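**Q** Here is my input; please provide its structure:
(one chain, ligands or ions: 1)
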Amino acid sequence: MTEPLFDSTQFRQVCGHFPTGVTAVTAVTAGGDLAALTVNSFTSVSLDPPKVLFCVATAASSFPVLMEAERIAVHILSQEQEDVARRFATSGLTGADKLAGVPWVPGPDGVPLLPRTPAVLAGRRDEVITSGDHVIVLLDIDHVHLKPTTVPALSFYRGRFV
Ligand SMILES: Cc1cc2nc3c(=O)[nH]c(=O)nc-3n(C[C@H](O)[C@H](O)[C@H](O)COP(=O)(O)O)c2cc1C
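**A** Here you go, the predicted model:
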């Protein structure tokens, strides 16, 4: 591959011009290990069967937990949950440490669910596609939950929560 004529800061800046929603991904392994991280690379993929995806850095401490997870939940956050997004984006904290600071309840298979969240999807890992320093994680969704709210979704644009 030819060398790019830009650095990773410029690449990040350019990609950051694309406004995204913000999700909190949680996961649990059969052994009870927990992961919790902020993710804006979420997208829906397939309606029938229902599938979604997100990308995760292979260097993330959540990565091994996600690769072993029995079940994974994606929480589409509201503007009232910026605190969760900031906490789950803190490196150096374990999933259990991150979750100790927020209200959560165990869902199917014990996956942590954040009850204040307007929209939640949960399911099992399907394919994992390695690409560069990230993997694309496809999920088969078997649980969804909606909590009607008038609070707008939390967004991320040009490096800021909006
Ligand atoms: C708005 C926002 C979106 C993010 N999206 C992603 C993402 O899609 N994939 C990813 O691997 N990290 C993403 N991150 C970074 C992780 O949340 C951060 O690296 C976190 O520390 C990972 O948790 P861990 O260190 O416990 O694995 C995002 C951070 C923020 C603030």
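
**Q** can you pull out the helices in this protein?
**A** Using DSSP state H, the helices of the chain run over residues 8-15, 63-68, 82-88, 95-100.

**Q** With mean pLDDT, mean neighbour count and distance to the ligand added, can I get the ones you listed in CSV?
**A** No exception for glycine: its C-beta is placed from N, CA and C like everyone else's. Shown next, in CSV, are those (pLDDT from 0 to 100; neighbours: other Cβ atoms under 10 Å; distance: least, Cβ to the nearest ligand atom, whole Å):
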stretch, mean pLDDT, mean neighbour count, distance to the ligand
helix 8-15, 97, 10, 11
helix 63-68, 98, 17, 7
helix 82-88, 98, 18, 6
helix 95-100, 97, 18, 6
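
**Q** Make JSON lines out of these and add distance to L138.
**A** JSON lines is the format used below for the helices of the chain (distance: least, Cβ to Cβ, whole Å):
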{"stretch": "helix 8-15", "distance to L138": "21"}
{"stretch": "helix 63-68", "distance to L138": "12"}
{"stretch": "helix 82-88", "distance to L138": "21"}
{"stretch": "helix 95-100", "distance to L138": "21"}
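
**Q** where are the low-confidence patches of the chain?
**A** 1 (pLDDT under 70).

**Q** List, one by one, the residues from this structure near the ligand.
**A** Neighbours of the ligand within the chain, by Cβ under 6 Å from any ligand atom: 22, 37-41, 54-57, 60-62, 88-91, 156.

**Q** so V52 touches V137, yeah?
**A** No: counting by Cβ atoms under 8 Å, V52 sits too far from V137 to count as a contact (9.1 Å).

**Q** on that earlier part again, I'd like to know which of the residues of the chain next to the ligand are buried.
**A** 22, 37-40, 54-56, 60, 62, 88-89, 156 (16 or more other Cβ atoms under 10 Å).

**Q** which of those residues sit farthest apart?
**A** S62 and F156 (18.1 Å; Cβ to Cβ).

**Q** hang on, the earlier thing: return the subset of the residues of the chain next to the ligand lying in strands.
**A** The members of the residues of the chain next to the ligand that map onto strands under DSSP state E are 37-39, 54-57, 156.

**Q** Now do the contacts for the residue nearest to T43 when sequence neighbours are not counted.
**A** Using Cβ to Cβ, 6 or more residues apart in numbering and skipping residues adjacent in sequence, the residue nearest T43 is L53, 5.9 Å away. L53 is in contact with 41-43, 45, 136-139, counting by Cβ atoms under 8 Å, 6 or more residues apart in numbering.

**Q** Great, nothing more from me.
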